[in-house]
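A.B. asks: Can you look at this prediction? I've put the sequence above it.
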Amino acid sequence: MALLGRDRRVSRSEYTRDYYRPSSSITAPSLTPQEQPYAPPVPPRRPGQGGSNAWVLPPPINPSIWRASHSAKLHDSHAHASHAQRTRAENRRLCDETERLTVNHKSEVERRLADRVCDITFWREELAARHTAMDHDATNLNTLKDRLNKAHDLYMRPLQVAYQCIEIRRGRVGVEGVEDEALTALRQEVKEVTRCREALERTSADTAHQIRRVLSCRYHLEKNLLDKDTALRVEEATTNLTPTAPPTAIIPKQTIDPSPISVEWWCEVGVKLLKRSDDEHQLSEQITALAEDILVATARHLRERLEHTDHCLKERILDTRHAKTLLEEQHAKGRGRSSTTEGGGRTGTHHLTPDLCC
């Protein structure tokens, strides 16, 4: 073992290996003077050579050469064992590092998948609530539109009656065709009924337009809800995947293309849908309140106008009847005076002058 510290040592033991193989065609490597062993190398001999080159027994091996060869082989074995041990340690370290990174990545992916599921669930609940509100608004607006159309059709009868009254009153002759309060009230009633029907028609058109807007918003909400349901099923299926799960259609080393849709844009689309649904809901409430006010106002105005027209017609009838009564009485008095005058003429003419004077 002391020979290991010397400068003259045999490396890789090629020399000693080739020394015992006389039949080999491999020549011994040339050594520098510092690497020459104690015994000079003997070239291999071939059988059948004569003369000085005849076959002779190899010289005995020097013990120092044997110890050097043994030490070199022992050193090589220790070196290979140390290298193998370092390789095993490095492989174990790499396995532990890979396992640690895999566990960390798995935990991070599971956390992000759970966050994604929570986000999709939150947005789905918000969109579902707005979708329900849009359904109620569409139902209420359809009912309101039907009420407006019925009121518009019902107010056609008072208008026809007013026109018929005006047409009938055109049959008055002579001085009776006066521009009285009843005729003015009938004309005002026609204007009022026409104005109410126009207001109801405009409100019905606005309600129909709002119904179309609500249905459009509900369609987009429903489409987004379907997308959310699909995404939720995919995320839940991805979350339930485990290393021991059955193989899927995912190809190993498959590259995943980045999505052109960012999370910010995805959230912005949801915010826009929620804001639009809130605006449509508020506008629907305003139109509903306005239509209710218009229905109440038109009914009150029409009732007041009808009552005023009836009052004017009744007053006109009373005035006409009173005037007719006075004329009848006056006519009766005139006929009585005429008969008295005729009787006095038969008896004498002295009563004629006082009666005529009266």
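C.D. replies: Structure received. Computed from a predicted structure; not experimentally measured.

A.B. asks: Helices of the stretch 151-300 of the chain, residue ranges please.
C.D. replies: 156-169, 181-239, 263-347 (DSSP state H, counting those that start in this stretch).

A.B. asks: any idea of the angle the second one forms with helix 156-169?
C.D. replies: This means helix 181-239. Helix 181-239 runs at 160 degrees relative to helix 156-169, counting by axes from the mean of the first three to the mean of the last three Cα atoms, to 10 degrees.

A.B. asks: Might you list the low-confidence residue ranges for the stretch 51-200 of the chain?
C.D. replies: 51-56, 177 (pLDDT under 70).

A.B. asks: Any buried residues in stretch 314-327, and which?
C.D. replies: Arg316 (16 or more other Cβ atoms under 10 Å). Quick note: C-beta positions are derived from backbone N, CA and C, even for glycine.

A.B. asks: Next: stretch 161-174.
C.D. replies: Ala162, Cys165, Arg169.

A.B. asks: List the residues that contact the residue most central in space within the chain.
C.D. replies: Central residue of the chain (Cα atoms, centre = their mean): Asn224, 3.9 Å from the mean position. Counting by Cβ atoms under 8 Å, 6 or more residues apart in numbering, Asn224 touches Leu127, Val269, Gly270, Leu273.

A.B. asks: The third one and Leu215, how far apart?
C.D. replies: Note on Gly270: its distance to Leu215, by Cβ to Cβ, to the nearest Å, is 20 Å.

A.B. asks: more neighbours, the two?
C.D. replies: Between Gly270 and Leu215, counting by other Cβ atoms under 10 Å, Gly270 is the more crowded of the two (18 against 14).

A.B. asks: Hmm, Arg130 and that one touching each other?
C.D. replies: No: if you go by Cβ atoms under 8 Å, Gly270 and Arg130 don't touch, sitting 10.3 Å apart.

A.B. asks: count of neighbours near Leu200?
C.D. replies: Around Leu200 there are 23 residues (other Cβ under 10 Å).

A.B. asks: That one against Leu154, yeah?
C.D. replies: No: look at Leu200 against Leu154 with Cβ under 8 Å: they stay out of range, at 9.7 Å.

A.B. asks: Let's have the buried residues of stretch 161-174 in a markdown table, adding distance to Cys196.
C.D. replies: Shown next, in a markdown table, are those (distance: Cβ to Cβ, whole Å):
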| residue | distance to Cys196 |
| --- | --- |
| Ala162 | 12 |
| Cys165 | 18 |
| Arg169 | 23 |
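
A.B. asks: Quickly name whichever of those residues is closest to Lys228.
C.D. replies: Ala162 (57.4 Å; Cβ to Cβ).

A.B. asks: and the closest one, what is it in contact with?
C.D. replies: Residues near Ala162 by Cβ under 8 Å, 6+ apart: Leu186, Glu189, Val190, Val193, Thr309.

A.B. asks: ok, now how distant is it from Arg169?
C.D. replies: Taking Cβ to Cβ, one finds Ala162 at 11 Å from Arg169.

A.B. asks: can you list residues touching both of those two?
C.D. replies: By Cβ under 8 Å, 6+ apart, the residues touching both Ala162 and Arg169 are Leu186.

A.B. asks: which of the contacts of Asn224 sit farthest apart?
C.D. replies: The widest separation within the contacts of Asn224 (Cβ to Cβ) is 10.6 Å, between Leu127 and Val269.

A.B. asks: and Leu113, what is it in contact with?
C.D. replies: Leu113 neighbours (Cβ under 8 Å, 6+ apart): Glu235, Thr238, Thr239.

A.B. asks: Show me just the buried residues among these.
C.D. replies: Using 16+ other Cβ under 10 Å, the buried ones in these are Glu235.

A.B. asks: wait, which of the contacts of Leu113 is closest to Ile65?
C.D. replies: Of the contacts of Leu113, the one sitting nearest to Ile65 (Cβ to Cβ) turns out to be Thr238, at 70.1 Å.

A.B. asks: ok, that closest one to Ala114 distance?
C.D. replies: From Thr238 to Ala114 the distance is 11 Å (Cβ to Cβ).

A.B. asks: Next: Arg170.
C.D. replies: For Arg170, the distance to Ala114 - Cβ to Cβ - is 84 Å.

A.B. asks: How about Asp293?
C.D. replies: Asp293 is 51 Å from Ala114, by Cβ to Cβ.

A.B. asks: Repeat that for Asp319.
C.D. replies: The value you get for Asp319 to Ala114, if Cβ to Cβ is used, is 88 Å.

A.B. asks: Same question for Lys191.
C.D. replies: 69 Å.

A.B. asks: what do you get for Lys228?
C.D. replies: Taking Cβ to Cβ, one finds Lys228 at 17 Å from Ala114.

A.B. asks: Please identify which of these two sits among more neighbours.
C.D. replies: Lys228 (19 against 12).

A.B. asks: quick one, what contacts that one?
C.D. replies: Lys228 touches Ile120, Trp123, Arg124, Leu127, counting by Cβ under 8 Å, 6+ apart.

A.B. asks: now do Arg195
C.D. replies: Counting by Cβ under 8 Å, 6+ apart, Arg195 has no contacts.

A.B. asks: Of all the helices of the stretch 151-300 of the chain, which one comes closest to His70?
C.D. replies: helix 181-239 (63.3 Å).

A.B. asks: For Ala182, list the residues it contacts.
C.D. replies: Neighbouring residues of Ala182 by Cβ under 8 Å, 6+ apart: Arg169, Thr309, Cys312, Leu313, Glu315, Arg316.
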